[in-house]
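Participant: next input, structure requested:
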Amino acid sequence: MPERDTRLLMLVDDEPAQCRLVSAIAGRAGWRTIFARDAETAIAMLGTQEGMMLDAIILDQWVPGSDAASLIAELKARRPALPVLLLTAIGSTDSAIEAMRAGAADYIIKPVAAERLIAALSLAAEHAKDFGELQPLTEKITHPLGFEEIIGSAPAFRTALAIAAKAARSKVPIFIEGEGGVGKEVVADAIHAASPRARMPLLKINCGAIAPNLLDSVLFGHEKNAFTGAFDRRVGMVQQADGGTIFLDEIDHLTTETQVRLVRLLTENEIQPLGSPHSYRIDVRVITACDNDLSQKLRDGDFREDLFYRINVVQLHIPPLRERTADIPALARHFLGRMASQPGLRSLGITDEALSLLKAYDWPGNVRQLQSALFRAAVLCDRDALTPEEFPQIAAMVGKNGANLSQMSEGIGVSLYEQDGNLRPLEEIEADVIRLAIGHYRGRMTEVARRLGIGRSTLYRKLADLGIDSNAA
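Facilitator: Numbering: from 1, shown residues only. A predicted model of the protein is given here:
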């Protein structure tokens, strides 16, 4: 399967000169650009095979067919993990704030400066993490899961979920730590869904994806004329979440000023928008998360001690995927099942050999990276099941470690697929299931029959028909 040497950018703009400039600058940094002249075309292109491979979107503030904030919201609703950047005119801070609130990752002032554009794309790629097949999720499945639906059997993972489920019933702040991609947002969703606030809003902010000079306004709002470009009063995300929950990811990116405001929220249940002479009482549950070690930032003096202890009333540690590889088969089948409902995709299986390959890799990008790799494989697969051939880069990395996939496939279970990805005959699968049951229950045929849901006489008849020796099995 061919690998992509460049990242793919969609530029939504109807100005030919600007399109040429942006694509030329992006090309220097290794990006290939496709173009959409208006909002309708941009949305339609998301559903194409090329659109599914996008790594970032840049759109002009005056895009035809929609206002920028509405289009960003639509794009993020369809592809939540895809970074969107805004091209805006000098002095349009208000538009930039509205775009950030709608989900934009960054904004770029026109006329476009090469260094600024390349830096913004690099940051988008970094947040979109990692390399090759270790890139971010190109398509995020957005339906939130309850605690009972979250997949994971590792003791440390189940302990974290049990603590989260118990804490969900109260209002206490919860701090979720873990490497990028382990599922901190999934746990936050489940906490909100299990809380008395489930019918109220859950708003999420990635603090690392918002320009520091805009973060205070995005979180706490601002009054008209509070700063240059503040032409209207804006309600902050915290106030919008009143009565519900706010989830602050990458909290280590908070500026000192924003940390002070958050301390006030947690201690006094009050916020004061920028430029406002008045404060407002707010009832909001605060969940925070961080990829990095906050205690180190605390020691370095970059994070306030009073804030650290207020957000850390309940602490959850989500273990990395490499510490719970036994969950990979179930996770893979779960993701493939949900992807099958996405436009342009279909129902796919996955062979035991492919699962063995996925289990052999250490997944530095964790569950998000696994989901991304599966999505990429599903988009490009032209057979009925994913095989190791759909994961060439992962296979190359695992091969460097000398992994023997044929040995690793032992214990995964009964294979449903041939080596070429086609389904095995039902008779062969049934024979393997019976052999597996006989071995698992150590030849106790009454127990084997009971667990298989058949009578002993039926079991013995199947043994004869399938040519299975119960002693050898």
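
Participant: which stretches of the protein form strands?
Facilitator: Counting by DSSP state E, residue ranges of the strands within the chain are 7-12, 31-36, 56-60, 84-89, 106-110, 174-177, 202-206, 245-249, 270-271, 280-281, 285-290, 314-317, 349-350, 385-386.

Participant: now the ones you listed as TSV including mean pLDDT, distance to residue 124 and mean neighbour count?
Facilitator: For glycine as for every other residue, the C-beta is placed from the backbone atoms N, C-alpha and C. Below are those laid out as TSV (pLDDT from 0 to 100; distance: least, C-beta to C-beta, whole Å; neighbours: other C-beta atoms under 10 Å):
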stretch	mean pLDDT	distance to residue 124	mean neighbour count
strand 7-12	92	9	23
strand 31-36	93	10	19
strand 56-60	92	5	24
strand 84-89	87	7	22
strand 106-110	82	7	19
strand 174-177	96	24	24
strand 202-206	91	12	19
strand 245-249	95	16	25
strand 270-271	92	30	17
strand 280-281	92	34	13
strand 285-290	96	20	25
strand 314-317	95	28	17
strand 349-350	90	30	21
strand 385-386	91	28	23
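
Participant: and these as TSV, adding distance to residue 125?
Facilitator: Output for the strands of the chain, formatted as TSV (distance: least, C-beta to C-beta, whole Å):
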stretch	distance to residue 125
strand 7-12	6
strand 31-36	9
strand 56-60	7
strand 84-89	11
strand 106-110	12
strand 174-177	24
strand 202-206	15
strand 245-249	18
strand 270-271	34
strand 280-281	38
strand 285-290	21
strand 314-317	28
strand 349-350	28
strand 385-386	26
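
Participant: of those strands, which is nearest residue 166?
Facilitator: Of all the strands of the chain, strand 314-317 sits nearest to residue 166, with 8.7 Å by C-beta to C-beta.

Participant: what lines up beside the closest one in the sheet?
Facilitator: Paired strands of strand 314-317, with direction, are strand 174-177 (parallel) (DSSP bridges).

Participant: closest to residue 298 out of the strands of the chain?
Facilitator: Of all these, strand 285-290 comes closest under C-beta to C-beta, at 11.4 Å.

Participant: who are the packing partners of the closest one?
Facilitator: When contacts are defined as 3 or more C-beta pairs under 8 Å, 6 or more residues apart in numbering; DSSP states H and E, strand 285-290 packs onto strand 174-177, helix 184-193, strand 245-249, helix 256-268.

Participant: alpha carbons only: can I get it in CSV?
Facilitator: Output of strand 285-290 as CSV, limited to C-alpha atoms (Å, rounded to 0.1, in the frame of the first residue of the first chain):
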residue,chain,number,x,y,z
ARG,A,285,-18.3,21.3,37.7
VAL,A,286,-14.6,21.5,36.7
ILE,A,287,-12.8,18.6,35.2
THR,A,288,-9.2,19.1,34.2
ALA,A,289,-6.6,17.0,32.3
CYS,A,290,-3.0,17.1,31.4
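
Participant: how far out from the middle of the chain is it?
Facilitator: 17 Å (C-alpha atoms, centre = their mean, to the nearest Å).

Participant: and stretch 13-30, by the same measure?
Facilitator: 29 Å.

Participant: what comes up buried for it?
Facilitator: Across stretch 13-30, burial judged by 16 or more other C-beta atoms under 10 Å covers 13, 14, 18, 19, 21, 22, 23, 25, 26, 29.

Participant: re earlier: closest to residue 118 out of the strands of the chain?
Facilitator: Ranking the strands of the chain by their distance to residue 118 (criterion: C-beta to C-beta) puts strand 31-36 first, at 9.1 Å.

Participant: tell me the strands beside that closest one, with direction?
Facilitator: With DSSP bridges as the test, strand 31-36 is paired with strand 7-12 (parallel).

Participant: between strand 56-60 and the strand it pairs with, find me the angle.
Facilitator: Strand 7-12 runs at 20 degrees relative to strand 56-60, counting by axes from the mean of the first three to the mean of the last three C-alpha atoms, to 10 degrees.

Participant: export strand 7-12 as CSV, just CAs?
Facilitator: C-alpha atoms of strand 7-12 as CSV (Å, rounded to 0.1, in the frame of the first residue of the first chain):
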residue,chain,number,x,y,z
ARG,A,7,0.5,16.1,4.7
LEU,A,8,-2.8,17.1,3.1
LEU,A,9,-4.3,20.6,3.6
MET,A,10,-7.7,21.9,2.4
LEU,A,11,-7.8,25.7,1.7
VAL,A,12,-11.3,27.2,1.7
